[in-house]
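J.: everything below, folded, please.
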Amino acid sequence: MIHLDTNYLIGLAVPGSRVATEVDEWLGAGHSLAVSAIVWSEFLNGPVTPEEIRRIEAVVQANIRPFGALEAAKSADLFNRSGRLRGSRIDCFIAATAMVEAAEMATVNQADFKPFVALGLKLIAAKDTDSV
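T.: Coordinates of the predicted model:
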């Protein structure tokens with residue numbers, strides 16, 4: 001299972017992008033994809049068209065994971081153990097959702113999630129991040 005960050009969903013809206021190609025490779029290799037409800041909300045904040053929403057929802061097969069009590073406790077632990085960094089709370093929510101499922105996480109913003117690797121996040125190594 002690979003959890004996608006919001007920037008991956010945005011990249012998927014651009015046919016032929018590096019992100020779209022990478023996701024196609026994962027799907028071709030049999031990986032399943034998911035997004036947290038937090039990521040889905042960020043994506044829906046847009047701007048996105050109804051067609052883009054339908055297309056991205058189909059790619060992740062509507063596999064939108066809830067943010068519940070386990071994820072809340074894990075995100076609080078991440079926030080406290082990673083230094084209570086200003087602006088990192090949403091990243092903690094996203095990382096926690098992947099970690100609760102023992103899933104890998106794909107993000108273009110590797111630096112934002114690196115503090116959680118030492119705490120157990122399985123971050124997929126970034127390819128060229130110059131373009132989404």
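J.: mind checking pLDDT for the residue of the chain most remote from its centre?
T.: Here the centre of the chain is the reference, and by CA atoms, centre = their mean the most remote residue is residue 83, at 21.3 Å. Residue 83 carries a pLDDT value of 94.
J.: again with residue 14
T.: Taking residue 14 on its own, its pLDDT is 89.
J.: tell me if it really is in a strand.
T.: No: under DSSP: H, G, I helix; E, B strand; the rest coil, residue 14 sits outside any strand and is assigned coil.
J.: can you count the residues close to residue 2?
T.: Applying other CB atoms under 10 Å, we find 20 residues neighbouring residue 2. To be clear about C-beta, it is placed using only N, CA and C from the backbone, and glycine gets the same treatment.
J.: sorry, that was for residue 35
T.: Quick note: residue 35 (other CB under 10 Å) scores 28 neighbours.
J.: wait, it touches residue 62, no?
T.: No: judged on CB atoms under 8 Å, residue 35 makes no contact with residue 62 at a distance of 9.7 Å.
J.: rewinding a little: who's in contact with the nearest residue to the residue farthest from the centre of the chain once chain neighbours are set aside?
T.: Distances taken as CB to CB, 6 or more residues apart in numbering place residue 115 nearest to residue 83, at 7.1 Å, with adjacent residues excluded. Residue 115 is in contact with 82, 83, 85, 88, counting by CB atoms under 8 Å, 6 or more residues apart in numbering.
J.: before we move on, what SS does the second one have?
T.: This means residue 83. coil.
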